[in-house]
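>>> Predicted model follows, preceded by the sequence.
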Amino acid sequence: MLEPRTADGKVLWHFTMSLDGFVAGPGHGMDWMTGTTFRPGLVGEYAATTGAVLGGRDGWDAYPDPGGIYGGAWKGPLFVLTHHPEDATPTPGVTFLNCGVDEAVRIGLEAANGKNLEVFSPDIGRQMLALGLIDEIDLHIAPVLLGDGVRLYDNPGGAPIRLHGLGTGDPSGAIDVRFRPA
């Protein structure tokens with residue numbers, strides 16, 4: 001069992017993911033998460049330990065609601081990394097950034113004020129992994145196979161990224177997940 005979340009000023013790449021590796025359906029659809037349940041208190045832990053959120057423009061354009069993060073349980077600075085901030089609709093509490101991911105992380109961590117910076121973007125997360133800027137990857141595997149949509153990690157031709165499991169006896173051991181069709 002994993003320990004409760006802590007606000008350690010980490011950079012967390014955080015998603016609920018389908019068993020086949022998608023974090024959103026086609027068109028960034030999230031209706032596939034309906035009916036998925038989480039450990040009691042989990043959302044509150046993330047809301048309490050998150051100091052700032054960094055997302056991408058595609059996700060923002062699909063869900064332009066800064067008050068919807070963690071069902072409205074979280075309030076704080078939200079940064080959207082985009083190549084075209086000039087055509088983004090100004091939104092209270094949202095800062096549109098046009099910079100490199102390393103600068104976005106610096107800005108986000110400063111705004112998080114000692115709490116965690118959560119990254120809600122597959123593309124930004126992939127870039128951050130390549131630069132060594134991710135401290136932890138937090139995934140919640142939903143019992144669904146989507147077959148299409150936005151993948152957590154897509155890097156054709158790239159080298160594998162080795163990870164160490166947290167809260168497990170063997171940090172390089174496989175994690176067993178078992179489901180049966182509903």
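It's in. Computed from a predicted model, the values in this text were never measured in an experiment.
>>> Low-confidence ranges, this structure, go.
Scanning the chain with the threshold set as pLDDT under 70 gives 1-3, 168.
>>> out of all of them, which helix in it is the longest?
Scanning the chain for the longest helix, with DSSP state H as the assignment, gives helix 101-112.
>>> how near is Ile161 to Ile137?
Relative to Ile137, Ile161 is positioned 10 Å away (Cβ to Cβ, to the nearest Å). Glycine gets a C-beta too; all of them are placed from N, C-alpha and C.
>>> The helix or strand just after the longest helix of the chain to helix 101-112, inter-axis angle?
Using DSSP states H and E, the helix or strand that directly follows helix 101-112 along the chain is strand 116-120. Relative orientation of strand 116-120 and helix 101-112, computed by axes from the mean of the first three to the mean of the last three Cα atoms, to 10 degrees: 130 degrees.
>>> which residues sit against strand 116-120?
For strand 116-120, the surrounding residues in contact (Cβ atoms under 8 Å, 6 or more residues apart in numbering) are 5, 7-15, 46, 49-56, 59, 105, 108-109, 111, 125, 128, 134.
>>> ditto for stretch 41-55
By Cβ under 8 Å, 6+ apart, stretch 41-55 touches 4-7, 9, 14, 69-71, 73-74, 76-81, 104-105, 108-109, 111-121, 124, 140.
>>> follow-up on the earlier one: give the buried residues for the longest helix of the chain.
Of the residues in helix 101-112, 101, 104-105, 107-109, 111-112 count as buried by neighbour count, 16 or more other Cβ atoms under 10 Å.
>>> can you pull out the strands in this structure?
11-18, 22-24, 50-56, 78-81, 94-97, 116-120, 136-142, 150-151 (DSSP state E).
>>> any chance of these in a markdown table, plus distance to Ile175?
What follows is those, written out as a markdown table (distance: least, Cβ to Cβ, whole Å):
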| stretch | distance to Ile175 |
| --- | --- |
| strand 11-18 | 13 |
| strand 22-24 | 18 |
| strand 50-56 | 24 |
| strand 78-81 | 30 |
| strand 94-97 | 34 |
| strand 116-120 | 22 |
| strand 136-142 | 9 |
| strand 150-151 | 19 |
